[in-house]
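1. based on what follows, work out the 3D shape:
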Amino acid sequence: MHPVLFQIFGKEIYSYGIMTALGFLCAILTWLWLGRRETRPPGFAADLGFWLMTSGIVGSRIAYVAANWAHYRAAPLAIIRIDQGGLIFYGGLLLASAALALFARHHRLPLWHLADFAIPGLAIGHALGRVGCFLNGCCYGRPAGDHFCGVTYPPVCEPGKLFAGIPLYPVQIIESACLLAIWVALLAAYPRRKKDGAVFALYLVLYPPCRFLLEYLRGDERLSWFALDVAQATSLALLLAGVLLFAFLPRRKFTPPAR
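-> All right, here's what the predicted structure looks like:
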């Protein structure tokens, strides 16, 4: 675990911030690759990345601060320290979806067409962000017992203090691997889709079940609703939305002009 990767002129550069920036770059590269045979306005991928990543980070941070308000009420200046971690993905997904709808309206593009185009970039950005979580020591797993994949954290971070010398499940890396596989599946599905919204629906069918199951391996504090935590309940709702999208999306496909 390396929460601080290096220093520049005495300024600490955090691994979480570096991985977030790398995720942003890989998302843009994904959109450039997807749009290589399509006519897009100059700077389309960069503009899309700016609005989705900005809204995603803000939404994720708002959700995290709301869930940990007792801490941030006493230290309000810490609210802006996103370089040190502290994001809830589903909060970011919600606000990024709203930004995507506005972006589609501004560019006069069908919403579901743009959702198909955008979602692979989100998957790779999220995958690299989870690596940042691992390096930062947040979003950690529960004790792994004698399981071979257990990771022991140093005492300088929260899991190292709470579980001193105890191996924990590396849920961040497992989730990152799942997201990389989903990213490949979405890239393969994009040119083969038969109707707009199908790739976005595929993401909703693939990622939420992974997240639902991985929540059982989480060791950090979780907000709960009855027998499920909030992330699991949200995952079930999104999975249902994905199934309904597959079933009821109109069978039509918008094709941008070729280069």
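2. wait, residue 64 sits on residue 90?
-> No - contact criterion C-beta atoms under 8 Å: residue 64 and residue 90 do not qualify, at 10.6 Å. All C-beta atoms are positioned from the backbone trio N, CA, C, and that covers glycine.
3. more crowded one of the two?
-> residue 64 (21 against 18; other C-beta atoms under 10 Å).
4. now the more buried one: how far from residue 183?
-> Plainly put, residue 64 is 24 Å away from residue 183 if you go by C-beta to C-beta, to the nearest Å.
5. now the strands for the stretch 1-150 of the chain?
-> 4-8, 11-14 (DSSP state E, counting those that start in this stretch).
6. okay, the ones you listed in TSV with distance to residue 53 next?
-> What follows is these, written out as TSV (distance: least, C-beta to C-beta, whole Å):
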stretch	distance to residue 53
strand 4-8	20
strand 11-14	17
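7. out of those strands, which one sits most buried?
-> strand 11-14 (a mean of 13; mean count of other C-beta atoms under 10 Å).
8. now do that strand: distance to the chain's middle.
-> 23 Å (C-alpha atoms, centre = their mean, to the nearest Å).
9. averaged pLDDT, that strand. What do you get?
-> Averaging pLDDT along strand 11-14 yields 77.
10. that strand: partners in the sheet, and parallel or antiparallel?
-> Strand 11-14 has its sheet partners listed here by DSSP bridges as strand 4-8 (antiparallel).
11. contact partners for residue 120?
-> Residues in contact with residue 120 (C-beta atoms under 8 Å, 6 or more residues apart in numbering) are 30-31, 34, 183, 186-187, 190, 199.
12. buried among those? Make that a ChimeraX selection.
-> Per 16 or more other C-beta atoms under 10 Å, the buried members of the contacts of residue 120 correspond to this ChimeraX selection:
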select :30,31,34,183,186,187,190,199
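13. return the closest of the contacts of residue 120 with respect to residue 108.
-> Nearest to residue 108, judged by C-beta to C-beta, of those is residue 31 at 18.0 Å.
14. isn't residue 232 right next to residue 214, touching?
-> No - Residue 232 is beyond contact range of residue 214, at 9.7 Å (criterion: C-beta under 8 Å).
15. what is the burial count for the residue lying closest to residue 54 once chain neighbours are set aside?
-> Residue nearest to residue 54 in three dimensions, not counting chain neighbours: residue 99, with 7.7 Å by C-beta to C-beta, 6 or more residues apart in numbering. As a burial measure, residue 99 scores 20 neighbours (other C-beta under 10 Å).
16. now do residue 147
-> 10.
17. from here on, count from 800
-> Noted, 800 is the first residue going forward, which turns the last one into residue 946.
18. mind listing what it touches?
-> Contacts of residue 946 by C-beta under 8 Å, 6+ apart are 966, 968.
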